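1. got a sequence here, can you build the structure:
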Amino acid sequence: MFRLITPVTHTPKYTGPERRRRPRWRPRPIRVLITLLLLSAIGYAAAVMWLLGRETRLVFEAGNTLATGRPAFPYEQIDVPRADGVEQFAWVMRTADSDAGPWALYLHGNASSVASQVNIAHYRVLRNAGLNVLAPEYRGFGGVPGAPTEAALQADARAAYDYLRNTRRVPPHAIVIYGWSLGAAVAVDLASRVPPAAMILEGAPASLVDLAGRRYPFFPLRFFMRSSFDSIEKIGGIPAPILFLHSTDDEVIPISEGRRLHEAARGAKMFVELRGGHMAAIDQSAGVLERAIRTFLGTYGPRKRM
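-> Model prediction:
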């Protein structure tokens with residue numbers, strides 16, 4: 001008798017789905033690192049481009065419309081004649097009916113216009129100190145067409161100076177350049193190109209690009225910013241006497257910036273501390289500011305040279 005012997009078959013060992021027969025992909029550390037570095041570089045570049053795209057707003061904060069303030073004393077709004085056809089106006093505020101006497105060419109700061117109250121307060125102090133005042137407006141400020149740039153503001157200040165010289169016939173030794181905040185940087189550039197009797201700088205930045213660098217320390221803005229306003233590089237070549245005014249409470253431009261400029265100046269100079277912060281110093285320290293201007297001009301200013 002025969003028995004049918006069924007051969008014993010062994011079930012193959014289960015190896016899982018087909019995809020499991022290939023080695024599982026595992027991220028290699030070097031690939032992860034490269035990917036993260038690439039994403040970081042893209043994000044960093046995007047941040048730099050964003051900052052550069054906002055440079056005009058970050059640096060200038062232009063007062064696009066003319067403020068509603070008007071001085072209580074007489075003033076006249078004039079058009080500044082320019083060969084380049086650029087529209088520009090200025091306010092003229094005299095201490096008497098004639099153009100005789102020393103003049104202050106007042107260059108205001110950002111986020112304001114010639115009609116802002118902070119600037120009107122400055123005009124009052126300057127007139128009290130015996131100075132006629134010319135306050136030009138910049139492109140992009142106070143309703144003046146155009147975009148503000150470092151070169152544009154410098155050209156606008158020069159046009160106002162030329163107006164005093166050529167139209168009002170004011171001699172250089174009777175012109176004091178006064179710059180407040182951003183206007184101080186514009187004033188330094190102007191004084192490096194023309195021979196004023198003296199210069200007064202209030203709340204002055206030594207270098208706006210350095211200030212921006214401290215605000216955004218991880219970005220190489222110095223290599224990209226078009227408007228650096230490096231006053232620290234120019235002030236040493238200005239022979240005119242300089243009065244530095246700076247508030248110890250200045251929260252916008254630290255007093256250390258003013259001291260840097262003061263140390264770099266090579267000619268006759270004075271440094272006077274104010275109180276009240278960047279915007280409020282003209283109100284809280286008006287008396288100190290006016291006395292400092294009188295003392296400075298009495299020692300170095302136009303009255304000694306006219």
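2. so where's the chain shaky on pLDDT?
-> The chain contains residues with pLDDT under 70 at 1-28, 32, 35-60, 62-63, 209-227, 303-306.
3. that one: strands as residue ranges?
-> For the chain, strands defined by DSSP state E occupy the ranges 76-79, 89-93, 103-107, 132-136, 175-180, 198-202, 242-247, 269-274.
4. from residue 208, how far out is the closest residue to residue 121 other than its chain neighbours?
-> Of all residues beyond its chain neighbours, the one nearest residue 121 is residue 282 (4.6 Å), with distances taken as CB to CB, 6 or more residues apart in numbering. In this view, the C-beta of every residue, glycine as well, is placed from N, C-alpha and C. Using CB to CB, to the nearest Å, one gets 21 Å for the distance from residue 282 to residue 208.
5. just residue 280 next, same as before
-> On the measure of CB to CB, residue 280 and residue 208 end up 22 Å apart.
6. how about residue 247?
-> With CB to CB as the criterion, residue 247 and residue 208 are 18 Å apart.
7. now swap in residue 180 and tell me
-> The gap separating residue 180 from residue 208 is 14 Å, by CB to CB.
8. before we move on, what about residue 105?
-> In terms of CB to CB, residue 105 sits 21 Å off from residue 208.
9. between the two, who's got more neighbours?
-> Set side by side, residue 105 and residue 208 show more neighbours around residue 105, with 29 against 23, by other CB atoms under 10 Å.
10. for that one, list the residues it contacts.
-> Listed by CB atoms under 8 Å, 6 or more residues apart in numbering, the contact set of residue 105 reads 134, 136, 157, 160-161, 164, 175-178, 190, 196.
11. neighbour count and distance to residue 101 added to those, as a markdown table?
-> Shown next, in a markdown table, are the contacts of residue 105 (neighbours: other CB atoms under 10 Å; distance: CB to CB, whole Å):
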| residue | neighbour count | distance to residue 101 |
| --- | --- | --- |
| 134 | 24 | 13 |
| 136 | 30 | 19 |
| 157 | 24 | 21 |
| 160 | 24 | 18 |
| 161 | 24 | 17 |
| 164 | 22 | 12 |
| 175 | 27 | 11 |
| 176 | 29 | 11 |
| 177 | 29 | 16 |
| 178 | 28 | 15 |
| 190 | 25 | 21 |
| 196 | 25 | 15 |
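12. export those to JSON lines and tack on distance to residue 204?
-> Formatted as JSON lines, these follow (distance: CB to CB, whole Å):
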{"residue": "134", "distance to residue 204": "20"}
{"residue": "136", "distance to residue 204": "18"}
{"residue": "157", "distance to residue 204": "14"}
{"residue": "160", "distance to residue 204": "19"}
{"residue": "161", "distance to residue 204": "18"}
{"residue": "164", "distance to residue 204": "22"}
{"residue": "175", "distance to residue 204": "19"}
{"residue": "176", "distance to residue 204": "15"}
{"residue": "177", "distance to residue 204": "12"}
{"residue": "178", "distance to residue 204": "11"}
{"residue": "190", "distance to residue 204": "13"}
{"residue": "196", "distance to residue 204": "15"}
